[in-house]
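# One predicted model, sequence on top.
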Amino acid sequence: MSLASGRYRSQFCRSARNFISDFETAPVPPSPLVKKGLTQEMNIQDAYTDWSITYDSDRNLTRDLDQAVTKEILANRRYHTVFEIGCGTGKNTALLTQLGERVCALDLSTAMLEQAKRKTQSDRVLFAIADLTKAWPCKTESVDLIVCNLVLEHISDLSVIFSEAHRSLVSGGQFFVSELHPFRQYQGTKAKFQRGQETIEIPAFVHHLSDFTESAAKNGFSIHSFREWWHEADQNKLPRLVSFLFEKRYVA
Ligand SMILES: C[S@@+](CC[C@H](N)C(=O)[O-])C[C@H]1O[C@@H](n2cnc3c(N)ncnc32)[C@H](O)[C@@H]1O
């Protein structure tokens, strides 16, 4: 069992036993730093360990817009069980505790999860380490809502995510995705942060709009909502974010 340790584990343990199945975390092999002048590329886990310290305080219009978008789309909905995949520092986790009776928030990075635990007080949240490219730590058809913000650019194969989302969700369950818009990716935008004079870039994969819709359709989802979003500082620019609310098709 490889759940987050400490207070959250003990508080959530009884219900978590039914909710989370045993799973192993797979270590991600470190990749060498790639130096390009004052830009370095770091592997995803190392990069988020480093970024976790300043992720919440850095100027980041994409992070801020994503929070507003998530609130606008989800705030009036209610669910029993919510799965947040790639919760990071828990920017959206507090909102999710208002929507769901219980929330399981997963991330690859221990350092990001530590920040999330620090700011999320609810004992209805379980934080756990998990690699989303492996089997997710939940029972089949046990989740009502899956929420995924600014994560899929780090995942090369979307079908792994949609197939696990389909397995995890109850019939009619929803899958909310908010991502950096591919139009911005075409211009070279990707997740990055500053360390002194250096820019640290995090490995990212371009997913076209059709990649999302085709992967969703192939894995048994219909599209409930599809929106494109601009920050107020984005006048005359390409959309910054795209969001989808997918729904697992009812199985007769
Ligand atoms: C840009 S942050 C977004 C965090 C949060 N969802 C938010 O909106 O602020 C991306 C997060 O995805 C996580 N992540 C990336 N690849 C992952 C994987 N394969 N499995 C689990 N988490 C992953 C990172 O550790 C990081 O916390």
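Right, received. Where do you want to start?
# hang on, E228 packs against V242?
Yes. The pair E228 / V242 is scored as a contact, 5.5 Å apart, by CB atoms under 8 Å. To be clear about C-beta, it is placed using only N, CA and C from the backbone, and glycine gets the same treatment.
# Touching both of the two, which residues are there?
H181 (CB atoms under 8 Å, 6 or more residues apart in numbering).
# Neighbours of the residue of the stretch 1-150 of the chain found nearest the ligand, how many?
Residue nearest to the ligand within the stretch 1-150 of the chain (CB to the nearest ligand atom): G88, separated by 2.4 Å. Neighbours of G88 under the rule other CB atoms under 10 Å: 25.
# Secondary structure class of it, three-state.
With DSSP: H, G, I helix; E, B strand; the rest coil as the basis, G88 sits in coil.
# Which secondary structure state is assigned to the nearest residue to it once chain neighbours are set aside?
Nearest residue to G88, sequence neighbours excluded (CB to CB, 6 or more residues apart in numbering): M112, at 4.8 Å. Under the three-state scheme (three-state DSSP), M112 adopts helix.
# Double-check M112 against I53; I have them as touching.
No. M112 is beyond contact range of I53, at 10.2 Å (criterion: CB under 8 Å).
# Settle it for me: which of these two has more neighbours?
M112 (23 against 14).
# Might you report the residue contacts of the more buried one?
Y48, T49, W51, S52, Y55, C87, G88, T89.
# Go again with 6 Å.
M112 is in contact with Y48, S52, G88, T89, counting by CB atoms under 6 Å, 6 or more residues apart in numbering.
# Dump the residues you listed to CSV, plus pLDDT.
What follows is the contacts of M112, written out as CSV (pLDDT from 0 to 100):
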residue, pLDDT
Y48, 97
S52, 98
G88, 98
T89, 98
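# possible to save the residues you listed as JSON lines with distance to L145?
Formatted as JSON lines, the contacts of M112 follow (distance: CB to CB, whole Å):
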{"residue": "Y48", "distance to L145": "24"}
{"residue": "S52", "distance to L145": "25"}
{"residue": "G88", "distance to L145": "18"}
{"residue": "T89", "distance to L145": "20"}
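# what about the nearest residue to T189 once chain neighbours are set aside, neighbour count?
Once flanking residues are discounted, T189 sits nearest to L180: 6.5 Å by CB to CB, 6+ apart. Neighbours of L180 under the rule other CB under 10 Å: 22.
# go on, I223?
13.
# what do you get for D107?
Neighbour tally, D107, other CB under 10 Å: 28.
# The one 3 residues further on too?
The local packing of T110 (other CB under 10 Å) involves 15 other residues.
# ok, and the closest non-adjacent residue to it?
That would be I129: by CB to CB, 6+ apart, it lies 6.2 Å from T110.
# List the beta-bridge partners for that neighbour.
I129 forms beta bridges with D107, as assigned by DSSP bridges.
# what's the distance between it and N149?
Using CB to CB, to the nearest Å, I129 is found at 18 Å from N149.
# Sounds good, over and out.
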